[in-house]
Structures are given as C-alpha cells and as structure tokens.
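# need coordinates for the following:
(6 chains)
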There are 6 protein chains.
Amino acid sequence: MTSTRPNGRAADALRPVRITRGYTKHAEGSVLIEFGDTRVLCTASVEERVPPHKKGSGEGWVTAEYGMLPRATHTRSQREAAKGKQTGRTQEIQRLIGRSLRAVFDLAALGERTITLDCDVLQADGGTRTAAITGAFVAAHDAVESLLAAGKLSASPIREHVAAISVGLLDGVALLDLEYVEDSACDTDMNVVMTGAGGFVELQGTAEGAPFTREQMDTLVELARQGIVDLVQAQKRALGL
Amino acid sequence: MTSTRPNGRAADALRPVRITRGYTKHAEGSVLIEFGDTRVLCTASVEERVPPHKKGSGEGWVTAEYGMLPRATHTRSQREAAKGKQTGRTQEIQRLIGRSLRAVFDLAALGERTITLDCDVLQADGGTRTAAITGAFVAAHDAVESLLAAGKLSASPIREHVAAISVGLLDGVALLDLEYVEDSACDTDMNVVMTGAGGFVELQGTAEGAPFTREQMDTLVELARQGIVDLVQAQKRALGL
Amino acid sequence: MTSTRPNGRAADALRPVRITRGYTKHAEGSVLIEFGDTRVLCTASVEERVPPHKKGSGEGWVTAEYGMLPRATHTRSQREAAKGKQTGRTQEIQRLIGRSLRAVFDLAALGERTITLDCDVLQADGGTRTAAITGAFVAAHDAVESLLAAGKLSASPIREHVAAISVGLLDGVALLDLEYVEDSACDTDMNVVMTGAGGFVELQGTAEGAPFTREQMDTLVELARQGIVDLVQAQKRALGL
Amino acid sequence: MTSTRPNGRAADALRPVRITRGYTKHAEGSVLIEFGDTRVLCTASVEERVPPHKKGSGEGWVTAEYGMLPRATHTRSQREAAKGKQTGRTQEIQRLIGRSLRAVFDLAALGERTITLDCDVLQADGGTRTAAITGAFVAAHDAVESLLAAGKLSASPIREHVAAISVGLLDGVALLDLEYVEDSACDTDMNVVMTGAGGFVELQGTAEGAPFTREQMDTLVELARQGIVDLVQAQKRALGL
Amino acid sequence: MTSTRPNGRAADALRPVRITRGYTKHAEGSVLIEFGDTRVLCTASVEERVPPHKKGSGEGWVTAEYGMLPRATHTRSQREAAKGKQTGRTQEIQRLIGRSLRAVFDLAALGERTITLDCDVLQADGGTRTAAITGAFVAAHDAVESLLAAGKLSASPIREHVAAISVGLLDGVALLDLEYVEDSACDTDMNVVMTGAGGFVELQGTAEGAPFTREQMDTLVELARQGIVDLVQAQKRALGL
Amino acid sequence: MTSTRPNGRAADALRPVRITRGYTKHAEGSVLIEFGDTRVLCTASVEERVPPHKKGSGEGWVTAEYGMLPRATHTRSQREAAKGKQTGRTQEIQRLIGRSLRAVFDLAALGERTITLDCDVLQADGGTRTAAITGAFVAAHDAVESLLAAGKLSASPIREHVAAISVGLLDGVALLDLEYVEDSACDTDMNVVMTGAGGFVELQGTAEGAPFTREQMDTLVELARQGIVDLVQAQKRALGL
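Purely as a prediction, here's the structure:
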C-alpha cells in the first residue's frame, strides 16, 4: 500500500528519533528527545528527601511533572502558571509518566531520595507524552549514573528500560507514532508503555470515533510493541550501552 | 480452583449489581448504582446551552463530573471543595466518564443542549469509575426519555449502550470486578469500557507491580468483555428494555 | 384556618422525619436524615488528632463540613470542587453546624481527638441546614458509642441532645419547617438550634422582606421550640433511647 | 450593681460613638465610624451597572465587602489577599452587612445601579460588624445624596434607617455593645440589626458556653433595641437630620 | 517659570508631609503618613519567629505587605482578597518596600525575630509606594523602640534612615513628588529610595512615553535627592530626633 | 587590572551572545537567545484580538509572559503551574518585558491585534530578564515581518530596537552582564533597558548590600550603555539588517 502519511512515512515507521543528553547543565540528567518535530526537554533532578508518604520507609520516590510552553502548539494556549492551575490533561499525563518510570525502579534500592522528571514540551507535533516517557528514562538513567559516580549508590536501582509510543487507526489503517494531523483525525488512539524486556506497563486505548474491535486492538498492540523495541535500541545507543 | 475472594465469589463473577432509577427527584435522570458495597449516585442534568467550543455548531455536548464524599472511604479524605481543587485522580476519572458517554451519543442528534452526568460516590469499595460509567448511561437514558416525552427530541441520540468493568491480576489469577481489598493488592489493574455491541471505547491497563504479558492482557480483556455483557443486561432490565 | 401548605400540612406541623442509622458502612457514624423531601447524609469521622489550636490542650474538637450535590436542587448548581472554592453560604452553614454540635460536647471529656461531621445534601427541599444539625447529632452519638465500645472513652462527652428547625412568616402566618417553595416566598426566615433541655444554642432570624416585630419573633421562637421537642423525640427513637 | 466593665461603663451603655463623614475624598460616601476603640472605614461606591442576576430587572443592587487590616487586631492576622481567600468569618459578615442594608433600600427606586459598601476595619476592639452596618448606612445615605444632587435620582430609595449592636451575657449580666475582652469572655453573644422604626432585620444569637434561656433572650433583645435607638439618633445627628 | 501644578506648587516642592505616630493602638509601630492627599497607614508588627530561610541563622527578617482599600482610588477597584490574588503591581510594590527597609537594618543585630510592615493605602493620590517606604521607616523605628524598652534588644539594629520619593518629566519639566494627575500624564516616572546618609538603595525609572536621556536622568535623580533630604528631616521631627 | 571573572572575561565584556531565529516552528517569531550559559526561548504569538481595555480603540497591544523551567536553575524550583501561582519575581519580570517592548511599538500602527512574547528560561546563569528583552525584540520583529508578508500590515509598527543588560558592583568593580555567581555576590545590581537610538526605557538599580553612590551609578549606567550598543548590533546581525 502506498503511504499517505506526511513525508511518505510507512504506516509502521517511527519518525526520526533523536536523543541529546546533557542538553542543559544544571540537572543530574538532562535530555532533549525528538520524535520528528515533537521536542521535549526531560530533566531528572535528585533531591535527598522523600514526600511524606515515604518518610521513614527506607524507600525512595520517582515522580514526574509535565508542561507545555504556551506556543509549543499551533495556536497559543494559556500559560498554566498564569491561569493558576494545571489542566486535567496535564495532570493525567504527568501521572502516567510517573507511574511508567516507577515501574522500572527498585525504590528500596534507590534509598530515601526523590528523582523528579520534568518533561517540558518545547515544540508539539503529536506524541508528547510518549516522547516524554522515553526521554525521561534516559534522563533518569543519567541521574542514577551521577549518584553511582558520587558513591551515593553502589548499584543501580533501575531494573530495565521503559519506553512508550502511540499507535492509532486512521481510515482503518493502523499507524505507528502519530503526528499531530494524524492524531486529530484518527478514530482510535492508543498509548503503550513497555519495558525493555517486553512487558506491558501501561496500555491506554481510546475510541475517538467508532469503537474498536478486538482484532484492531491486537494489531495496534503488536505495532506498538515493534516501535518500542526500536525506541529501547535508540535509548541504548544514546546511553552508549 | 477454590475461590479465595471475599464472600466466596468466583473469579469471573460480578458483585451483585443494583440499579435504582429515580433515586432523587429533581434531575432529569437520577440513578443509584451499586456494585456490591460500592454505591454511586449518577444524575443527568439537561441544560439548553452548550459550552463555548460547541456554540453555533448545531451539536450538543455530554460531559461528566465525579466526586467522592469525604467519608465514602475507609478513612476520611479531604473534601475537594474545601481544599480548593480537584485531585488529578478525580479529573482523570471524570474525563473518562465523559468520553465514554460521548462515544455512544450522536451529538448532532442531541441538538444544542448539554447533558451533565454528576457521579458522586456515596460509598466506595473499589470500581467506582466503572460503576459510575455504567450508572451514568442509565441516567443519561432517562434524561433523553424526558426530552423525548417533552417533544424536545423526536428520536433518541443514543446509539447504543455503554458500560464498564475493572479486571485485575492477583497472584497470577485474573479477577473480574475488583473490590477494594483486591484492587490495592493486585499486580495489574485494567478498566475496560465497551458498548452494547461489543466495541471497545476505552481500555486502560496499568501494571502496579510486575509488567503484564500479552497473554495476561488477552485473558483480562476477555474476562472484562463477559462482565460487560452482563452489565448491559442489567441496564436493560433496569430500563425495562 | 384551612392550611394552604403543600400536602395539606398544618402550619405547626413538621414534615415526616426519617432517621436511618448505618446508612454507609465506613464512617463511625452514618445517618441519612429526611425532613420530607430534603435528604442529608451525615457522617461522623473520628480521627486521633486535633487541629493546631487544640494541640497539647487535652481537649478534643468537633467540626463540620457541608456540601450539596450539584443536582440536589431544581436546577444544577456548579460543583464547588470544580469551581475551586466554597460559597459564602456553604461556609456559613458548616460553621453553624460545627458550633451547634460543640455546644453539647464536653471537649475535655472527648480527649485529644477530632470528630468531623460531613453533611452532604443528596436532595434539597428547604431546611437542609436544620436537617443537617439534627442528623449530625445522631451520627456523632453513634461515633461516640463506637469510642465507648472500643474502650477509648469511659464516659460519653455528649451532654445533651441538640436539634434544629426553621420557622418563617408567610403572608403573616407563622409556619414550622419550611419547604423550598415556602422558604423562597416567606418574609421572615428563622433557624433555631436548641438542646434537648430546651436551651437556645443559636437563633438566626432574617427579614427577607418587611422587618419583623417583637411579637412575630416571639411566635416564631415558640413554634420552633415545639418543633425541636418533636425532633429530639425522633432522635431518641432512632437511637433506641 | 457596681459596673466591672472597662472604664466603669454601665451594663446598658454604648461606648462613645463617633461618626465622621467625608473621611476620604474619592468615594460617593465615606464614613469613619468609631464604637470606642473599634474603628471602621465605610465607603459607598456607586457604579452604573448591576450584577448579572439583576440585569434588565429595572432594579438596582446594594452589596457589601468587609475586610480587616492585618494589624487591626492584638496580634497580626494573615492578610486575606496574600493568603488568596477570604475566611468564612469575613464572608459571613459581609453577607450580613449586605442583607441589612438591602432591607432598607427600595431597589426598584434605586434604578439599575449598584452601591457597594466597603467596610474596612482599621482598629478592632469588638463589635466590628455592628459598627460596619451602622456606618455603612451613613455612607450609603451620602451616596444617595450625591445621586439626588446629580439629578440621577429624583427621590431617595432609602426607606428608613438601619443600625446594629451587639449584646451579650457575661457571668449572667446582660451587657450592651461588647468590647473585645468582654466578647471573648461572654457566654452568649447576640448581634441585632433593626430599622429606625424598630423593626427587626437580623437577629443572630449564639451560645458560646451554656445555652441561653428564653428570658435571657428577651432581656438581650430589649437591651439591643434601646442601643439601636441611640445609634439611629447618632446617625441622624451626623447626617444633620 | 510659572508653576502649572495643582495648588500652585513649585516643580521642586514636596506636597505637605504629615506623619502621625501611634495612629492605631495594637501594633508595635503605627504611623499614618500623608503626602498631600495620599494617605497610607503603616504598621510594624514584631513576631518572635523568622521565615524558614532564616531559621537557625541568628538573623532576623524585615518584610512588607502592601494593599489598597478598594475605594482608595477614583473609581472602585476590585478587592484583592475577594479576587483571590494580589496583582503584579501589589507584589512589585511590597517587594520594593521590603528591600528598602532591609537595606537599613542590621538583621544579625535584630536577632531571630520578624518585623512585618503592613502598608495600607486609605486614600490614593499618587506616590503611594514612596509614602509607604517613608512611613514604614518611622513605624519600624517605633517597633524597635518598643523592643529596646522591653529589654529584648540592647542596641538598635537600624543603621540609618531610609525614605523615598517619586520624580517625573511632564512636558519636559522635571517635577518632584508626582500626584495622581501628573503621574498619569508624565512621560517618565522615577522612584528613588535613599538613605539618610545620601546613598542610593533603589532607583526605578520608566519611560511611559518617549525614552529619556542621560541628562534628564541626572536632573531627576538630583531632584529626588533633595526631596529625600527633606523627608528624612520630616521623619526626624516626627520621631523627636 | 587582572580579571577575576569566570573564563577570564574583562569587566566590561559581554558573555558570548547567540541569537537563533526560527528555533521552534509554530510561532510567528521564535528566538533562542543565549548570554553565555543563560538560554531563553522567546516566542512571539500574533492574535487578532485585543484585551478589554483596548477594545474599539483602534490600537493593538504587546504583552509578555515569563517562566523558568523548574530545573533551569542549580537546584530545582517548584513549578509555578503546580503551585497554582506565579511568584512576585515572575510577575515583576514579565511586566518589565512587556513595558520594554511596548516602548518601541506604535500600537496604533499595529492595529487591533495582540503580540504576546513568551519568554521561557531553559537554562539560567544570570541575566535572564535582560536576555529575554533582547531576544523578545527579535521574535517580535519576526512576527511583524510575518504580518507584513501576509499583507496584514503595510508598514512596521516598530519604531526602533530595544535591548537590555545587567551591570553590577562587585568588590567596588563595575561589571557588565553579570552571570549567576557574580549576581549573587554583588553589592549593587542594575538592569538597564535602552533603545537603539540610546534612549533609556527602564533603569532599575538595587543596592543588595551597601547603598551605592551617585558616581557608582554613573559608572554603571555608562557601562550598560556600551553593552546595549553591542547587543543592538547583535540583533541587527541576527536579523540581517
């Protein structure tokens, strides 16, 4: 079938993925991740304290916050800080990023400290949450390396890789890694988060138009799985593993 | 296998489902839905106006709000109105309910009016969001009936039923309709929203502990599908269809 | 004089009062109180800590919060949690409930713990604050019973009953226990809170239209007193006292 | 009985009342009212618009806002503007002031305009709400005079005077116009709002300690009535009536 | 040149300055300062604790809050407490007052306590921030005197006087101490804060219309310097120094 | 004198300035500006509407918002959107940027549209507000070019360049373009905003430690003037002028 995707991309192809480590200098981990024109800056900050529900537990915490610059999008959106609250969408995404990262962390091995992943979208073109998860893993990895180098940890609390991708159905065709124009047009939209070993961490499928069938679900999940294998490779290359 | 579930419930059994229509008198639709000890009051309110993004579109809108009474839970939680904001969890759930209901509504056929589903948890014992979706459908149905009876609509804008259930893996066993003690203990937790015709509207699976496999996902989805078939029957019985 | 009240109710008659204990299962006290079509769920939650101004005082605290489900009323009102703040009316009512309950509690005998009364209106038809006070007393009583049963208290810190009723002047006639249509129409509206022994705890009279005279005030207060005697009887019956 | 009140004041005596008109220059009415050491600045602002619920009704609106400077009190209280919200107490008081003033206004005769009474406490020593009501009346009167002088009104929409005073029971003795030390110590505290013609507008009695009896209520109400007669005289003197 | 300023004031003349100490009774320092029709109440409150960033430092803290009564201005402005937030202008001004006062305080000599300067504008006619700084100094001085008198301090932590004035260019003419009509009309507006010894603490110049030149800046700064010399004299007279 | 500045920089030297246009793709103007390690993304968004105070005036509006990514700094700062409000510092800076840009815009020539400059700090190392102003000008210029290219404007409403720089006194030495370690250590800190023609738009000097003298002020202002001449050159080079 001839592709009708922008830039002649194949239905099962990722956009070019670029992972730039050390993008800013202060954070323990700082990664610019690009899925095509989507660009997210992911920083990992280490703090030697934990939130109240972890105090005295001997365990650490991994959490995330997400934001979008007002003009990361086609038309300017209101600045959440000026409005005085985060949208439901923002909260949903940052909770997803946090859960995804915690899924591959041994919090006891991390010790009583917190790693905060700040994922800020500089430019949006679809897939910001999946890029954020994929980039946040690399930033978290760098933050852990800095703890190991400083002798604060003797072994890494990271159990395996985690990465995420979106898939969707557009006019009945399953597409990998939706960009903005596809995302707004597609009937079903699914975000999949998997580990390097191929386990599922999160699966969120939504029918925007017609409900989807079990067969369509299977196709989408398989497509996502393949994409995540590639993303984990990209993470490894970026980390020199 | 001998069940170890509370009350000797089978792994693939729903808790007793009760749907009480006309639970309160002011709303166009008012339904108390019970999944065992979980009790959610779902009201449907019709307003003859639409939010800004629908003005002049000729289309209506269906939306939802979710709340939990402070002592619906084992220990008292802070009242969101007193705290001055809704939690991320609340926003996530009410967005899910809204999307699920819209999936079965023909918004053009509804006309420029809004149906708001208020889902308030009187007593929580796991599965409040799935009970809310299942009950909100019945409340919405009653609200549409009142519009038909009043001659404001000549045909129902509801295309089919929608219902939801949770499933999860506990010690490797797939369980249908998790109650609170199971929900807190289980490794994977999935909420599934389907139509009466068996199409998927939403699928949200989360690995709380170990990641889940493709096979486990398939088992859980099938279990949910069966549960939803039963819930749609319960909706029909309640509606006298 | 022939009554012109809804349902032929006499000017000095209460609406049917129903008090259902154990309405929900988690709270230490949980009471559904109904004054005719007004239905308020009152839960009493015990927490083994006190607010800052009571720390180290040896005394406990009794407080209340009030809410109304968005569609408890004829037309839907905005959800306070979504709006991000409680209205002045809500705050006024919850402060009144708190003061009324504290008036019959020996806070020293309660010890350094807090009882929070959550009064949530499921259906409103006038008199929600007076129903809330009357029901909250029963919920508080049950919470105290649970503390006695658990051996955490050896004697009840409750000194006497407390109950409340509204009275008003409509076209010059003094009416007991106003329902919504009467409340909106009446000239003067008074809420009276009294103890079982007949002492006044709160008296709040407001002229909505013409000011009221001393004689009218006397008539209203006497009418309220009689109503409260009946409400205290209803509390006792519900509590099996 | 020998008085034990501060400054040898008699139980039934008001503190010295001073009413200074034209205290600030921009407002249509600006009054500093002093009840002893309690000092409240009451300004009346006229705006040629009404809130949404009065639009197109042909009627005007009278409303009030109340505030206390952070160091109006013995110890500094947090600035409400900095905290980002008004306390329940503030809202209760400003609602009371608004209702009290509206009770003597013919809103239809006012026409579609709003008079806002801002009552800001410069120094607090008990009785700030009653001083505010009494002073706000004078400020509102001046604002109406300015509308009459400007030819925007041909007749005054003010029907009669309104004033307010506190009374209380301290060690069984009924006291008029409580100052701070008395207010904190007394068992029962009552705020009474009356018109110049002697009608009751608001009556709010609260038992802080032991409940009060019907006889005590009568005594307090009569004491308040006498005080209000004097306050209305003071308003008239200040207005040169 | 003939003056065209209101009241025939000379270009380099201050408005009449009045400083009234002990304006209210509760605060450790309480000063009403008037620059012509601008009237600001400045209170200094001493609290025996410091904010978190000073805890255990052995140093104290001096901070300021600023507010304007809603009808201090020509037309009523919205009450910040009701709106739920302070404007950017308010925050800018209170930060400026705080910095200005800290510039003359030896925080180590103050000890671990906080002085809060509340500057509330009762009537505004231009120059409220400069009047606030000038008056806050006197209030702070009185608060320090009370600490010395109480034996809590053995030497004053105040190193020198601080005062502030506005200057501006109106039709090319440099004017001292702008009142409201001048402030709104002028091209350049500068606020200058200086110590008694003639050192600069803050200099904030803004071109409202055409940019200003180096020569104009020099003229304005010199004009301000002379005005501040007079203000410091006024402070000394008020303090009896 | 031998420089003791980081990287051997001369006291009167700017850090390397880099201006990258078209940094992101959606905004009408998008500029990454770097002053050494300080990096600010400035986007200019054009909207065909104006705020209420400009409606029907025939004039446009230019405004700015400022933000800092949580980990732009050495230690992570709290996300303003999560906290629910912008700090006083943020508001002060965004108001400064807005005023500075409006100083070189002919708002009547802009027509009834708004240009919003979003200045978001990706990495902070001192001088973020001056970099923001200097970069925002270039972004605004690009946005105006897009309006000219689209035929929406026939002539540019920009009258001249505007740029900004910080200067300060460190151990008595006047330094140009302070980086973070210098900024925290210096006694006096001044931000200067000037036009391309050398007029002053804003001048904000603050004594952090000892007050500064008139001579020091003169030295700092002259140093800033020279720096701004260089910055305007850099803007011109970037714009190809």
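
# before we move on, which element is A:Lys152 in?
Under the criterion DSSP states H and E, no helix or strand holds A:Lys152.

# who touches it in this structure?
With contact taken as C-beta atoms under 8 Å, 6 or more residues apart in numbering or on different chains, A:Lys152 is in contact with A:Gly111, A:Arg113. All C-beta atoms are positioned from the backbone trio N, CA, C, and that covers glycine.

# and the pLDDT at it?
A:Lys152 is assigned 97 on the pLDDT scale.

# what about stretch A:127-137, average pLDDT?
For stretch A:127-137, the mean per-residue pLDDT is 98.

# could you do stretch A:19-29 as well?
For stretch A:19-29, the per-residue pLDDT averages 98.

# just the residues contacting that stretch, thanks.
By C-beta under 8 Å, 6+ apart, stretch A:19-29 touches A:30-34, A:41-46, A:135, A:138-143, A:146-147, A:234-235, A:237-239, F:37, F:39, F:71-74, F:76, F:122-124.

# which members of those residues are classed as buried?
Taking 16 or more other C-beta atoms under 10 Å in any protein chain shown as the criterion, what is buried in the contacts of stretch A:19-29 is A:30-34, A:41-46, A:135, A:138-143, A:147, A:234-235, A:238-239, F:37, F:39, F:71-73, F:76, F:122-124.

# quick check, stretch A:232-241 touching chain B?
No: judged by C-beta under 8 Å from any C-beta of the partner chain, stretch A:232-241 stays clear of chain B, getting no closer than 13.3 Å.

# how far is that stretch from where the chain is centred?
Taking C-alpha atoms, centre = their mean, to the nearest Å, the mean C-alpha location of stretch A:232-241 is offset from the chain mean by 15 Å.

# quick one: average pLDDT of it?
Average pLDDT, stretch A:232-241: 97.

# show me what from chain A comes close to chain C.
Close to chain C, as judged by C-beta under 8 Å from any C-beta, chain A has residues A:Lys85.

# can we see that at 10 Å?
When proximity is defined as C-beta under 10 Å from any C-beta of the partner chain, chain A approaches chain C at A:Gly84, A:Lys85.

# point out where chain A drops to low pLDDT.
Of all residues in chain A, those with pLDDT under 70 make up the ranges A:1-3.

# centroid residue for it?
Central residue of chain A (C-alpha atoms, centre = their mean): A:Ile133, 1.6 Å from the mean position.

# select the longest helix from chain A.
The longest helix of chain A (DSSP state H) is helix A:214-239.

# now that one and helix B:214-239, what's the angle there?
With axes from the mean of the first three to the mean of the last three C-alpha atoms, to 10 degrees defining the directions, helix A:214-239 sits at 140 degrees from helix B:214-239.

# how about the contacts made by A:Val17?
Applying C-beta atoms under 10 Å, 6 or more residues apart in numbering or on different chains, we find A:Val17 in contact with A:33-36, A:131, A:134-135, A:163, A:177, A:227, A:230-231, A:233-235, A:237-238.

# in which helix or strand does A:Ile19 reside?
Per DSSP H and E: strand A:17-21 holds A:Ile19.

# quick check: buried residues in that strand?
For strand A:17-21, by 16+ other C-beta under 10 Å, it's A:Val17, A:Ile19, A:Arg21.

# how about stretch A:168-184?
By 16+ other C-beta under 10 Å, the buried positions in stretch A:168-184 come out as A:Gly168, A:Leu169, A:Leu170, A:Ala174, A:Leu175, A:Leu176, A:Asp177, A:Leu178, A:Glu179, A:Tyr180, A:Glu182, A:Asp183.

# gap between it and the chain center?
Distance, stretch centre to chain centre, for stretch A:168-184: 18 Å (C-alpha atoms, centre = their mean).

# do any residues in that stretch lie close to chain B?
No: Stretch A:168-184 is not in contact with chain B by C-beta under 10 Å from any C-beta; minimum separation 11.2 Å.

# okay, how far is it across that stretch, tip to tip?
10 Å (C-alpha to C-alpha, to the nearest Å).

# do you know how far A:Thr87 is from chain E?
Noted for A:Thr87: a distance of 19 Å to chain E, by C-beta to the nearest C-beta, to the nearest Å.

# what sits against that residue?
A:Thr87 touches A:Met68, A:Ser77, A:Gln78, A:Glu80, A:Ile93, B:Gln91, B:Arg95, F:Ala81, counting by C-beta under 10 Å, 6+ apart.

# what do you get for A:Ala238?
Contact partners of A:Ala238, counting by C-beta under 10 Å, 6+ apart, are A:Val17, A:Arg18, A:Ile19, A:Thr20, A:Arg21, A:Val31, A:Ile33, A:Gly135, A:Val138, A:His141, A:Asp142.

# run through the bridge partners of the third one.
For A:Ile19, the beta-bridge partners are A:Ile33 (DSSP bridges).

# isn't A:Ile115 up against A:Ala139?
Yes: in this structure, A:Ile115 is within contact of A:Ala139 by C-beta atoms under 10 Å, at 8.9 Å.
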